[in-house]
Structure formats: C-alpha cells, structure tokens
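Asks: Model the structure of this input:
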Amino acid sequence: MAITVNIYYGGQNGNAVKFAKEMISSGLVQAIRNENGNLRYEYFLPIDDSESVLLIDSWQDQNALDVHHGLPLMKQIVALREKYDLHMKVERYVSDDSAPERDRKFIRK
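Replies: So this is what the prediction gives:
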C-alpha cells in the first residue's frame, strides 16, 4: 500500500512559495523524485491561502519513506524550512485502490 503525506507549509511574506521554488531550483525535488519508491513529489498553491504551499509526497511503502527520511538531503530540507521560518500541518494517508463500484461511477476518466 502506498503512503501519501500531505504537508501544508505556512509562512509569511511569501516564504512558503520561496521555499518551494528553492527546493526546485536547488535540485532537491528532482533528487527526491529519483529516489527508489517515490511515487509523487509535487507542490501546489491553495487558491484561498497565498501564504501556504501544499506538498503531496507519495511513497511505495513505509520502508521507502524511512529510507528517504534517513538520507543526508533531509538536513538540507530542514535547513530550508528554518531559513524560511515555515510551520507545517501534516496529513498521512494509506492508499485504498479497491474503491467500490458505487464510488467509481463518480470518477470521470
């Protein structure tokens, strides 16, 4: 089962967006996307909150996430969070690919 973590980064003066842009420009995002077991690593901007950024971070399993958390690049990420004085709200989900037919009828592909 895949694990998806939604991280809402909040800051002031556009710092959450600056953080996400530096994550991308520094190559950290691509390095994470290249890790074994990474399924998704994408930033989104909430329409109704200009001081936040949503990261959707998805992994093949807990082991892949644990390996990611143990890598040296995590220190760089933590340093960037501190640099931009960001606070986080975290939601964690385990995938359920067995949606019943009654739910699938609402999904347009």
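Asks: pull the helix or strand with minimum mean pLDDT from the protein.
Replies: Lowest mean confidence among the helices and strands of the chain (mean pLDDT, DSSP states H and E): helix 101-104, at a mean of 82.
Asks: Go ahead and name everything in contact with that helix.
Replies: Helix 101-104 has contacts (CB atoms under 8 Å, 6 or more residues apart in numbering) with no other residue. C-beta: built from backbone N, CA, C; applies to glycine.
Asks: mind listing the strands for the chain?
Replies: 3-10, 38-44, 52-59, 87-94 (DSSP state E).
Asks: Residue 19: which of the ones you listed is closest?
Replies: Taking CB to CB, strand 3-10 is the member of the strands of the chain nearest to residue 19, at 6.2 Å.
Asks: how about that closest one: buried residues?
Replies: Residues of strand 3-10 classed as buried under the neighbour-count rule (16 or more other CB atoms under 10 Å) are 3, 7-9.
Asks: And stretch 15-32, by the same measure?
Replies: By neighbour count on 16+ other CB under 10 Å, the buried set for stretch 15-32 is 15-20, 23, 28-29, 32.
Asks: Save these as JSON lines, and put in pLDDT too.
Replies: As requested, these are arranged in JSON lines below (pLDDT from 0 to 100):
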{"residue": "15", "pLDDT": "98"}
{"residue": "16", "pLDDT": "98"}
{"residue": "17", "pLDDT": "98"}
{"residue": "18", "pLDDT": "98"}
{"residue": "19", "pLDDT": "98"}
{"residue": "20", "pLDDT": "98"}
{"residue": "23", "pLDDT": "98"}
{"residue": "28", "pLDDT": "98"}
{"residue": "29", "pLDDT": "98"}
{"residue": "32", "pLDDT": "98"}
